[in-house]
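Asks: Here is a sequence together with a model predicted from it:
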Amino acid sequence: MKFGIFAVCRKARGWVAAGCDEYVKRMPRELPVSIVEIKPAMGESRAQRLAAEKTRFLLASRAFERRVALDERGANLTTPELARRVESWLQKGGDTAFMIGSAEGLDEELKRNADESIRLSSLTLPHALARLLLCEQLYRAATLLKNHPYHRE
């Protein structure tokens, strides 16, 4: 199984890219992570921009069987719960795409059609930080599944 993190943004800042690269590099071979930057859409209205970004998400993630929307109203998981979710996805098979929207969020239809919806925090996070946090949490979940001492309770 592989993970794809699809994020609407222009280009990640150096510190975000460096942090994500570090966690991507640490991931086990059987759980590789790729990061795909989705170009922000231009348009007259928010609805037009979100609809265009939805199309870009769907095209970019078409090879992934499972789509997970990151949304402030998504499931509030603990790290062990995320690890169990990853383990379940491993058992079911298929690659997983995580979708991080722009500052305007994700298209409502895209969220409704996602297989799952999760949130990373009750706090409002900048999208660049959300991407880095997701990379770290996927790495932490992988270490939990391997009984690695990275995660301490």
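Replies: Yes, it's here. Residues are numbered from 1 along each chain as shown.
Asks: where does the spatially most distant residue from the centre of the chain land in three-state SS?
Replies: Using Cα atoms, centre = their mean, the residue of the chain lying farthest from its centre is Glu44. It sits 27.2 Å away. Following DSSP: H, G, I helix; E, B strand; the rest coil, Glu44 is assigned to coil.
Asks: now Ala69
Replies: Strictly by three-state DSSP, Ala69 counts as strand.
Asks: Was I right to think it contacts Ala114?
Replies: Yes. Counting by Cβ atoms under 8 Å, Ala69 touches Ala114, with 3.9 Å between them. Heads up, the C-betas are built off the backbone N, CA and C, glycines and all.
Asks: The two: which is more packed in?
Replies: Neighbour totals were compared for Ala69 and Ala114, and Ala69 leads with 25 against 21 (other Cβ atoms under 10 Å).
Asks: how near is that one to Val33?
Replies: As judged by Cβ to Cβ, to the nearest Å, Ala69 and Val33 stand 17 Å apart.
Asks: Also Arg73?
Replies: Counting by Cβ to Cβ, the gap from Arg73 to Val33 is 25 Å.
Asks: So those two - more neighbours on which side?
Replies: Using other Cβ under 10 Å as the criterion, Arg73 and Val33 rank with Val33 on top: 21 against 9.
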